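**Q** here is the input, now give the coordinates:
(one chain, ligands or ions: 1)
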Amino acid sequence: MRWVSKHKSVFSIYWIRAKWTHFGKTHIFNLVNFSINTRSIDTFTYMTHEELFAKYRLDFSTLSEYVMACYDPRILSTLSFEDIRDSLSDGQTASKLWVIDALSKSGNWESKSACVFGGWVGLLCRFMFDYLNFGHVTNLELNTKLRGINWFTNEMKYPERFAFVGGDMYDFDYETNQFDLYVNTSGEHIPSIKTWVEKIPPGKQVLIQSNNYFAHPQHINCVNSAQELFDKVSEAKNVNLIEYSGELIMPQYTRFMVIAKT
Ligand SMILES: C[S@@+](CC[C@H](N)C(=O)[O-])C[C@H]1O[C@@H](n2cnc3c(N)ncnc32)[C@H](O)[C@@H]1O
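**A** Residues are numbered from 1 along each chain as shown. The predicted structure follows:
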């Protein structure tokens, strides 16, 4: 099986959401390059771990520090069995490599800065260094106990280029701390995607994922489709352009992703 990208729609369409103010009212309209109400949604074919590892040349060097950390009892005590199992699952690995795949097509990220909001054990941050050579990556994470595992996954190899910041993404100082890219693959874990996106300053790139895994007890804000995630992101007043909308169908659930510009 190959990692293929195919367009569901016949047309390749990017939506431009233009806004302007006229007589004190804000009007919103969409410009489409072919027809109104037709959007392209990329569908990425699910791959097994073996296929992902082969395709992305994911080898032990990328995961070795993470695995090593699990032998340290101080680190192990901060992680649940589910954290370790789920962070290395086919679905999580595929979702993170999908981010890398999409970002690699949307620009050159070398030396650029990014913040991953709710970056968990830090594997996405590590992939961003290893695959895209980001200049600096911050993991803004609510669970401060995860600082230790993030030291192993990122700081040990990239001491000058990684920061773990403990905190709530809704209370973060977005004016003082600015990045080129804002990543949030935990959309299903946060109460409002719109509120979060509206905190991001103008002229920034935003990548957000959510999924339809409603049965998971920690998932408080799932979506049913790529369209629903698209609509939630579009609701944010500061979003000017949706660059990408896609889905990754997996055996247990489907993950959705939107890349937007503020
Ligand atoms: C289970 S994990 C990650 C799942 C997701 N699919 C991913 O890999 O990106 C969700 C993470 O989001 C973090 N989180 C949830 N709400 C947050 C908030 N308001 N601010 C910062 N981090 C948050 C949690 O602590 C957790 O580490």
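**Q** alpha carbons only for contacts and neighbour counts from here, please
**A** Will do.
**Q** is the helix or strand in which residue 127 is found in proximity to the ligand?
**A** Assessed by DSSP states H and E, residue 127 sits inside helix 123-132. No - counting by CA under 6 Å from any ligand atom, the ligand has no neighbours in helix 123-132; the shortest distance is 7.5 Å.
**Q** next SSE after that helix?
**A** According to DSSP H and E, the helix or strand after helix 123-132 is strand 136-141.
**Q** can you list the strands that that next one pairs with?
**A** strand 113-117 (parallel), strand 162-166 (parallel) (DSSP bridges).
**Q** of the ones you listed, which is nearest residue 198?
**A** In terms of CA to CA, the element of those nearest to residue 198 is strand 113-117, at 14.2 Å.
**Q** next, the angle from that closest one to helix 123-132.
**A** 150 degrees (axes from the mean of the first three to the mean of the last three CA atoms, to 10 degrees).
**Q** what sits up against strand 113-117?
**A** Strand 113-117 is contacted from outside by 125, 134-141, 169, 179-186, using CA atoms under 8 Å, 6 or more residues apart in numbering.
**Q** the same query, at a cut-off of 6 Å, please.
**A** Residues from elsewhere that reach strand 113-117 (CA atoms under 6 Å, 6 or more residues apart in numbering): 135-140, 179-184.
**Q** just the buried ones from these?
**A** 135-140, 179, 181-184 (16 or more other CA atoms under 10 Å).
**Q** is residue 221 in contact with residue 188, as I believe?
**A** Yes - counting by CA atoms under 6 Å, residue 188 is a contact partner of residue 221 at 4.5 Å.
**Q** show me which residues of the stretch 101-250 of the chain are close to the ligand?
**A** 117-120, 140-143, 167-170, 185-186, 189-190.
**Q** again, only using 5 Å
**A** Contact residues (CA under 5 Å from any ligand atom) of the stretch 101-250 of the chain with the ligand: 118, 120, 141-143, 168-169, 185-186.
**Q** which residue ranges of the stretch 1-150 of the chain form strands?
**A** Here the stretch 1-150 of the chain has its strands, by DSSP state E, counting those that start in this stretch, at 5-7, 15-22, 25-31, 42-44, 113-117, 136-141.
**Q** now the last one: mean pLDDT?
**A** Strand 136-141 comes out with an average pLDDT of 98.
**Q** now residue 222: which helix or strand?
**A** Using DSSP H and E, no helix or strand contains residue 222.
**Q** give me the nearest residue to it, chain neighbours excluded.
**A** Counting by CA to CA, 6 or more residues apart in numbering, residue 188 is the residue found nearest to residue 222 once chain neighbours are left out, at 4.7 Å.
**Q** the one you found falls within a helix, correct?
**A** Yes - the assignment for residue 188 is a helix, going by DSSP: H, G, I helix; E, B strand; the rest coil.
**Q** so who does it touch?
**A** 210, 219-222.
**Q** got a pLDDT number for it?
**A** 96.
**Q** try residue 85
**A** 89.
**Q** do the one 10 residues further on as well
**A** The model reports residue 95 with a pLDDT of 91.
**Q** same question for residue 34.
**A** Confidence for residue 34, expressed as pLDDT, is 28.
**Q** still on that earlier bit, farthest pair in the contacts of residue 188?
**A** 210 and 220 (10.6 Å).
**Q** between these two, which one's more packed in?
**A** More crowded of residue 210 and residue 220, by other CA atoms under 10 Å: residue 210, with 28 against 16.
**Q** ok so that one is a strand residue?
**A** Yes - assessed by three-state DSSP, residue 210 belongs to a strand.
**Q** so what's it up against?
**A** Residues in contact with residue 210, defined by CA under 6 Å, 6+ apart, are 187-188, 255-256.
**Q** would you check how far apart residue 124 and residue 93 are?
**A** Noted for residue 124: a distance of 9 Å to residue 93, by CA to CA, to the nearest Å.
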